[in-house]
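A.B. asks: return atomic coordinates for the entry below.
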Amino acid sequence: MASITIDIPDEQLHKLQQLARDSQISPEDLLRVNIEDWLARPQDEFTQAADYVLKKNAELYRRLA
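C.D. replies: Model prediction:
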């Protein structure tokens, strides 16, 4: 298993710690679960949003090219 170290502002750390306490798990476990959920989420949402923007602005992009 690999480890990642990140720097976050104190305010975010306090919020993370409070959420972990409320959930009765460690901050590390809270982050791990949320990362797993984020990675498992289908990329369809992003793809759909990107397609919409590209189609909506196709004429503008054509003119700028």
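
A.B. asks: what kind of secondary structure is the spatially most central residue of the chain in?
C.D. replies: The chain has W38 as the residue nearest its centroid, 6.3 Å off, counting by C-alpha atoms, centre = their mean. Counting by DSSP: H, G, I helix; E, B strand; the rest coil, the backbone at W38 sits in helix.

A.B. asks: before we move on, what about I8?
C.D. replies: Assigned with three-state DSSP, I8 falls in the coil class.

A.B. asks: quick check: closest non-adjacent residue to it.
C.D. replies: Among residues not flanking I8 along the chain, L16 sits closest, at 7.5 Å (C-beta to C-beta, 6 or more residues apart in numbering). Yep, even glycine has a C-beta here, placed from its N, CA and C like the rest.

A.B. asks: who's in contact with whichever strand or helix holds the one you found?
C.D. replies: If you go by DSSP states H and E, L16 is part of helix 10-23. Helix 10-23 is touched from outside by I8, S26, P27, D29, L30, L31, with contacts defined as C-beta atoms under 8 Å, 6 or more residues apart in numbering.

A.B. asks: convert the C-alpha atoms of that helix to PDB, please.
C.D. replies: Extracted C-alpha coordinates of helix 10-23, given in PDB (Å, rounded to 0.1, in the frame of the first residue of the first chain):
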ATOM      1  CA  ASP A  10      -5.600  24.300   9.700                       C
ATOM      2  CA  GLU A  11      -9.300  25.200   9.200                       C
ATOM      3  CA  GLN A  12      -9.800  22.300   6.800                       C
ATOM      4  CA  LEU A  13      -7.900  20.000   9.200                       C
ATOM      5  CA  HIS A  14     -10.300  21.000  12.000                       C
ATOM      6  CA  LYS A  15     -13.300  20.300   9.800                       C
ATOM      7  CA  LEU A  16     -11.900  17.000   8.800                       C
ATOM      8  CA  GLN A  17     -11.300  16.000  12.400                       C
ATOM      9  CA  GLN A  18     -14.800  17.100  13.400                       C
ATOM     10  CA  LEU A  19     -16.400  15.100  10.600                       C
ATOM     11  CA  ALA A  20     -14.300  12.000  11.600                       C
ATOM     12  CA  ARG A  21     -15.300  12.400  15.200                       C
ATOM     13  CA  ASP A  22     -19.000  12.700  14.200                       C
ATOM     14  CA  SER A  23     -18.600   9.500  12.100                       C
END
